[in-house]
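1. Mind looking at a prediction? Sequence and model below.
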Amino acid sequence: MAQAAIELIGINKSFGAVRANRDINLEVARGTIHGIVGENGAGKSTLMSILYGFYQADSGEIRVGGKPVSINTSNDAIALGIGMVHQHFMLVDNFTVLENVILGAENDALLKSSIAKARSELDRLEREYGLEVDPDAVIEELPVGLQQRVEILKALYRGAEILILDEPTGVLTPAEADHLFRILKQLKDQGKTIVLITHKLREIMAITDTVSVMRQGTIVATRVTKETTVGELAELMVGRRVLLRVEKGQSEAGAIRLSVRNLTVKDQRGVTMVDNVSFDVRGGEIVGIAGVAGNGQSELLEAISGIRHAVSGEVMLEGKPIDLTGKADPGELRDRGLAHVPEDRHHVGLVLAFEENENSILGYHDDERYLKGPFLDIDAIMADAKDKIEKYDIRPGNPRLKTANFSGGNQQKIVLAREMEQDPGVLIVGQPTRGVDVGAIEFIHKRLIAMRDQGKAVLVVSVELDEIRSLSDRILVMFAGRVVGERGPDATEGELGLLMAGVERQEAAE
Amino acid sequence: MSTPYAKLPAWADYGLIPLINLSVAFIVAGFVVMLVGENPFRAAVILVEGAFGKGTGIAFTLFYATTFIFTGLSVAVAAHCSLFNIGTEGQAYIGGLGIALVCLSLDSVLPWWVIFPIAIVAAAAFGAAWGFIPAYLQAKRGSHIVITTIMFNFIAASVMVYLLVGPLKPAGSQAPQTRNFLSGAELPKLNWMIELFGAKIRSAPLNICFLLALVMAFLVWLLIWRTRLGYEMRTYGHSSKAARYAGISETRIIITAMMISGALAGMMALNPVMGDQHNVAIDFVSGAGFVGIAVALMGRLHPVGIVLAAILFGMLYQGGAELAFEMPAISRDMIVIIQGLVILFAGALEHMFRPYIQALFASVSPKSVGMQAVNGKGA
């Protein structure tokens, strides 16, 4: 093996009582792509933040190129040739590509000389690594795939030899992700070292040379990618065997329970987010809506659930229309059998500062079961919460615990338990497993399929193509606010990927 | 990446941390006292003795505390709904107007125990009405409640000046205040309560409003944590999006919370007006509404904390007056500085020492902070 680019020796990091990293030993060889996988909260991001100088380790040693170093700020990291591409881009939206690249690296009080120098340097980098971006384009006008490229250019411009990418494909279409991987391979061929943090095992298999699995703050295994399998990695991540694709029987679609006709929704700025969308969801089927984030799926869900005002169109719930003027009472829709698991459980679906039992009645708090006159019936609420904790295996099983102290998967189970246990006729779910660990994904998928088998109409919106393909009986693809195609569950990823990227149907067939 | 969440045992959260904050405030205040050339230890002794040393001192401390309990509760109720009610001052002032109208018209015909309930309702109603207007503007027009409530303090002050130098002033009087109420509108004193413990009281304004304040503290606790309305207010307070999702009407919850807050502020006026001065004079609130903000913050928006914080501020008021009297170098303004330091450390910098305390607890006994789950990443 070549000389190590980075060595982490005995790294420990605690936040208060939380031990986010424990005795981490990691070695990444120069000129390789090393993957780090693990569930949410396993400590991947903490570890990389230590390497990038956002946090300081409580103990342990970092070596870069064989020399012990201390990295106290991100400037130290940059000086050592470490660059980071964050999950959420750190770009100034109304600056040009060029201005973003030199931001923080201006070497003169006047920008002119910096810009001229940056322009020629950028030109060289773009040619060398195949990272074409128009240097004068304004960031907010670029698609996310290109914005990410600008982040990579920023790191390279600062002389990065070691590139850390944190969940880089979360916002990309499959095609954009493939392009990113080609760029990474090219960087590797040029001798750069890449650390890729992800929870998507397929990406690890596709691109990395070696992979480390993290669980509960420690590295539980390091493997040569060629010698391992997705199954083994998943098992290492969760600590037990997991089903990666939930078994489900044939759907028996019944009567139409939710019907959307010519729905058009605009956002606050007046931009059309949902454009003349029509579809039906029948009892006993799961309809999945695929699409890259930001193509109108969120607005569609909010309009159907009565939270957002729609410009025109009609939504029928169990044959009766829903008020789309934005004045609909979500409480009334619940009474009519519409349950909604929102995309954003942190701000919408849950109140994180509440105790678990308080969240287990959110939206149903005016139900007589939970009230004694104007007072909350604490005993009934607690009994109900305990019941749901049991049924949905929510851990830790303490209804008095603050919701913020539950893991992402368990928080999602709290929302699902609340919505599913109301026995709704129609269930709409946004991003059912975002930020949820592999073990809980399996559980949530099984529950959704169980709902379907009980004859409920289930509408799922997800940016995870695997999830859509695994769950759905029918798949709708949204692009730029429109439904651009409908496919069966056996549609290939490539076919859906092209639709998601907005390539027209004829071209997709070619 | 979220801040990892470690929680402290309740006694540390509600006892130890405020105590540390308070100690630091007094240490810094001690340096200020030294700067003006007085002995800080002697000053501290005078302050505490002035507040709790004699029966009269205790009665005065509790009288001031009564006022601050009302204003603290008022601020807290609005704050639970994420509304920053700066208008407690004005709502209390207008509450005083309600009391004046009731007492001036009924004090010659009815005994205190009939007038008192009517006055409570009037004070609450006038305060609530003064809170309603900013609430309506916030809910319907999006006018920021902080701005509007501040403006309504000025409007209240102007209205009261007009009334107290005009319509409400007895003919021929030169003082900007109403006539003194007759004994029918005087509330019974509670001095006997302190005398039960053997202390002697010369003359102090402590009255049954103190008991009313304690009852209101309990009712506020009931409202916030045990009723559906309180649940809705807290939901909206933590996340307006979650409230929308849960079908809670934004307009209704803002207006309701502000009216309850205004009612509590208005009831504050009962204490000085009916319990002590027996008239409504210009500027009788004299900043108690703003102290209520500090009391609510320091009491962590919990009624028990608010009662304790109100007593602390009552102590600073009463003991501070004694101190200014005993040590000429320490003026009333110095007392305000000390109060300011308490607000700074206990309110504004409340979380300054928390991370260190958490780290200490975590290293001494990880179990006490109840953490095993690893929350490295925001999920």
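-> Everything's here; your move. Numbering: from 1, shown residues only, chains lettered A, B, ... in the order given.

2. Just say helix, strand or coil for A:Val246.
-> What DSSP: H, G, I helix; E, B strand; the rest coil gives for A:Val246 is coil.

3. Show me the beta-bridge partners of A:Asp280.
-> Under DSSP bridges, the beta-bridge partners of A:Asp280 are A:Ser259.

4. From the structure, what's the count of residues near it?
-> 17 (other C-beta atoms under 10 Å in any protein chain shown). Placement of C-beta: from N, CA and C, glycine included.

5. distance of A:Phe15 from chain B?
-> With the distance defined as C-beta to the nearest C-beta, to the nearest Å, A:Phe15 ends up 3 Å from chain B.

6. In terms of pLDDT, where does that residue sit?
-> A:Phe15 is assigned 74 on the pLDDT scale.

7. Any idea what it is bridged to?
-> According to DSSP bridges, beta-bridge pairing links A:Phe15 with A:Val18.

8. The closest residue to chain A within the stretch 101-250 of chain B - how many residues pack around it?
-> Closest residue of the stretch 101-250 of chain B to chain A, C-beta to the nearest C-beta: B:Gly247 (3.0 Å). Neighbours of B:Gly247 under the rule other C-beta under 10 Å: 22.

9. is it true that it lies in a helix?
-> No. Read with three-state DSSP, B:Gly247 is coil and lies in no helix.

10. which residues touch it?
-> For B:Gly247, the contacting residues are A:329-332, A:334, A:363, A:366, by C-beta atoms under 8 Å, 6 or more residues apart in numbering or on different chains.

11. now, which of the residues you listed lie within helices?
-> A:330-332, A:334 (DSSP state H).

12. domain parsing for chain B?
-> B:1-38+B:327-373, B:66-321 (automatic domain parsing).

13. Could you dump the ones you listed into TSV and include mean pLDDT?
-> As requested, these are arranged in TSV below (pLDDT from 0 to 100):
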stretch	mean pLDDT
domain B:1-38+B:327-373	74
domain B:66-321	94
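
14. Let me know which of those domains is tucked in deepest.
-> Burial of the domains of chain B is given as mean neighbour count (mean count of other C-beta atoms under 10 Å in any protein chain shown); domain B:66-321 ranks first at a mean of 21.

15. from the chain's centre, how far out does that one sit?
-> Taking C-alpha atoms, centre = their mean, to the nearest Å, the mean C-alpha location of domain B:66-321 is offset from the chain mean by 8 Å.

16. First-to-last residue distance for it?
-> 17 Å (C-alpha to C-alpha, to the nearest Å).

17. and residue 316, what does it touch?
-> Since no chain was named, I'll use chain A. So A:Met316 contacts A:256, A:258-261, A:322 (C-beta under 8 Å, 6+ apart).

18. look at chain B instead
-> B:47, B:51, B:335, B:338-339, B:342.

19. That one: which element?
-> helix B:303-326 (DSSP states H and E).

20. returning to what we had before: nearest spatial neighbour of the residue of the stretch 101-250 of chain B closest to chain A, chain-adjacent residues omitted?
-> Among residues not flanking B:Gly247 along the chain, A:Gly331 sits closest, at 3.0 Å (C-beta to C-beta, 6 or more residues apart in numbering or on different chains).

21. By proximity to chain B, which residue of the stretch 251-400 of chain A wins?
-> Counting by C-beta to the nearest C-beta, the stretch 251-400 of chain A gets nearest chain B through A:Gly331, at 3.0 Å.

22. Tell me if I'm right that that residue and A:Asp367 touch.
-> No. In this structure A:Gly331 lies outside contact range of A:Asp367 using C-beta atoms under 8 Å: 9.3 Å.

23. what's the neighbour count on A:Ala339?
-> Counted with other C-beta under 10 Å, residues neighbouring A:Ala339 total 26.

24. And A:Gly284, by the same measure?
-> Quick note: A:Gly284 (other C-beta under 10 Å) scores 20 neighbours.

25. Correct me if wrong: it contacts A:Arg452.
-> Yes. The pair A:Gly284 / A:Arg452 is scored as a contact, 6.0 Å apart, by C-beta under 8 Å.

26. returning to that earlier point: ok, of the contacts of B:Gly247, which one's closest to A:Ser113?
-> Lowest distance from A:Ser113 to these (C-beta to C-beta) belongs to A:Pro330, with 57.2 Å.

27. So for the closest one, what's the pLDDT?
-> pLDDT, read off for A:Pro330, is 87.

28. the domain parsing of chain A - what is it?
-> A:4-238, A:256-509.

29. distance of the residue of the stretch 101-250 of chain B closest to chain A from B:His80?
-> Going from B:Gly247 to B:His80 by C-beta to C-beta, to the nearest Å gives 19 Å.

30. ranges for the helices of the stretch 351-500 of chain A?
-> For the stretch 351-500 of chain A, the helices defined by DSSP state H, counting those that start in this stretch cover A:356-359, A:378-391, A:408-420, A:438-453, A:465-471, A:493-500.

31. Okay, angle between the longest one and helix A:408-420 too, please.
-> Yep, that's helix A:438-453 we're talking about. Orientation check (axes from the mean of the first three to the mean of the last three C-alpha atoms, to 10 degrees): helix A:438-453 against helix A:408-420 gives 20 degrees.

32. Buried by neighbour count: which residues of helix A:438-453 qualify?
-> Residues of helix A:438-453 classed as buried by neighbour count (16 or more other C-beta atoms under 10 Å in any protein chain shown): A:438-445, A:447-449, A:451-452.

33. Ok, which of the domains of chain A comes nearest B:Pro9?
-> domain A:4-238 (11.8 Å).

34. who touches the lengthiest helix in chain A?
-> Of all segments of type helix in chain A, defined using DSSP H, the longest is helix A:111-129. Identification of contacts with helix A:111-129 by C-beta under 8 Å, 6+ apart yields A:97-99, A:101-102, A:105-108, A:131-133, A:135, A:153, A:156-157, A:183, A:186-187, A:190.

35. In helices only, show me those.
-> Per DSSP H, the contacts of helix A:111-129 map to helices at A:97-99, A:101-102, A:153, A:156-157, A:183, A:186-187.

36. And those, which is closest to A:Asn357?
-> Using C-beta to C-beta, the ones in helices among the contacts of helix A:111-129 come closest to A:Asn357 at A:Ile183, 48.7 Å.

37. contacting residues for the closest one?
-> A:Ile183 sits in contact with A:129-131, A:149, A:152, where contact means C-beta under 8 Å, 6+ apart.

38. Which among these count as buried?
-> Among the contacts of A:Ile183, the ones that count as buried (16+ other C-beta under 10 Å) are A:129, A:131, A:149, A:152.

39. what stretches of chain A score poorly on pLDDT?
-> Chain A contains residues with pLDDT under 70 at A:1-2, A:16-18, A:40-41, A:107-109, A:241-244, A:504-510.

40. now the contacts of helix A:111-129: which count as buried?
-> Buried among the contacts of helix A:111-129 (16+ other C-beta under 10 Å): A:97-99, A:101-102, A:131, A:133, A:135, A:153, A:156-157, A:183, A:187.

41. May I see the residues you listed organised as a markdown table, with distance to A:Gln87 added?
-> Compiled in a markdown table, the buried ones among the contacts of helix A:111-129 are given as follows (distance: C-beta to C-beta, whole Å):
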| residue | distance to A:Gln87 |
| --- | --- |
| A:Val97 | 20 |
| A:Leu98 | 24 |
| A:Glu99 | 22 |
| A:Val101 | 20 |
| A:Ile102 | 23 |
| A:Leu131 | 19 |
| A:Val133 | 20 |
| A:Pro135 | 24 |
| A:Leu153 | 17 |
| A:Leu156 | 19 |
| A:Tyr157 | 20 |
| A:Ile183 | 17 |
| A:Leu187 | 19 |
